[in-house]
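> coordinates only, sequence not included:
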């Protein structure tokens, strides 16, 4: 029963397809007219006005130059010398020219002074033998330190000092002394002044020993 139903269905579909596809091929009648005809509207061109070209600028005419006749002079006046101012009275001397001496610049390179030779430091010479001790010119008395007075400390401080070419004292150091008295002795000896010492006619620094005593009054 099902087989007959399938065969019948296939035949029915084949007939329907043949009627839709094959029938228009054999048709000979004219095509029907469309209900609304197609119309084309007229295109109106847009008028573009012509643009005028700019006018050329007119060139200005130069004014006419009137010529002036040139007449050659018959003679020329003599050249007059430039006036020269009289020199001041204080610049003019007997037999002078009235021109200051600094009116002319010197020609050539300026004269440069030769460099000074470097000063060579002289080593101090110890006093003794040919070198005599210098003479003391300025003496400053040492001040007894208050702490040493309170502690009842007395004694002698031996210093070594350098006397330079001018007689000033420098480079003072303690050779032997008391801790409470050393600073007072150095401060006083540093203010002393001596005469310069000469060796073979040349001033030289010397090294000498200075003794400072501190004694309590009884």
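The structure has been received and is ready for your questions. Computed from a predicted model, the values in this text were never measured in an experiment.

> which helix is the longest one in the chain?
helix 2-21 (DSSP state H).

> who does that one touch, helix- and strand-wise?
Packing contacts for helix 2-21, counted by 3 or more C-beta pairs under 8 Å, 6 or more residues apart in numbering; DSSP states H and E, involve no helix or strand. (Each C-beta comes from the backbone N, C-alpha and C, glycine too.)

> Direction included, what does the following helix or strand past it pair against?
As assigned by DSSP states H and E, the chain's next helix or strand after helix 2-21 is strand 125-126. When pairing is defined by DSSP bridges, strand 125-126 lines up against strand 206-214 (parallel).

> Give the buried residues for the strand it pairs with.
206-208, 210, 212, 214 (16 or more other C-beta atoms under 10 Å).

> Looking at those, spot the one nearest residue 14.
Distances from residue 14 to those, taken as C-beta to C-beta, are shortest for residue 207 (150.2 Å).

> what residues are up against the closest one?
Each residue near residue 207 by C-beta atoms under 8 Å, 6 or more residues apart in numbering is listed here: 124-127, 160-163.

> quick one, phi psi at the closest residue to residue 133 other than its chain neighbours?
Spatial nearest neighbour of residue 133, chain neighbours left out: residue 127 (5.0 Å); criterion: C-beta to C-beta, 6 or more residues apart in numbering. Note on residue 127: its backbone torsions stand at phi -70, psi 140 [degrees, to the nearest 10].

> Residue 127 - how many residues pack around it?
15 (other C-beta atoms under 10 Å).

> Please apply the same query to residue 162.
Neighbours of residue 162 (other C-beta under 10 Å): 16.

> Name the helix or strand for the closest residue to it other than its chain neighbours, please.
Spatial nearest neighbour of residue 162, excluding adjacent residues (C-beta to C-beta, 6+ apart): residue 171 at 4.3 Å. Residue 171 belongs to strand 169-176 when assigned by DSSP H and E.

> and residue 197, how far is that from residue 212?
According to C-beta to C-beta, to the nearest Å, residue 197 stands 21 Å off from residue 212.

> Check residue 185 too.
Using C-beta to C-beta, residue 185 is found at 4 Å from residue 212.

> what's the answer for residue 180, then?
13 Å.

> just to revisit the earlier point, may I see the ChimeraX selection of the buried members of the contacts of residue 207?
Those of the contacts of residue 207 that count as buried under 16+ other C-beta under 10 Å are selected in ChimeraX with:
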select :124,161,162,163
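
> least confident pick among the contacts of residue 207?
Among the contacts of residue 207, residue 127 has the lowest pLDDT, at 75.

> In contact with that residue, which residues?
133-134, 197, 206-208.

> closest to residue 142 among these?
Nearest to residue 142 among the contacts of residue 127, with distances taken as C-beta to C-beta, is residue 208, at 17.3 Å.

> Show me what that closest one is bridged to.
Following DSSP bridges, residue 208 is listed with bridge partners residue 161.

> Nearest residue to residue 216 in space, please, no chain neighbours.
residue 154 (4.9 Å).

> I figured that neighbour hits residue 212, correct?
No - contact status for residue 154 versus residue 212: not in contact, 11.7 Å apart, counting by C-beta atoms under 8 Å.
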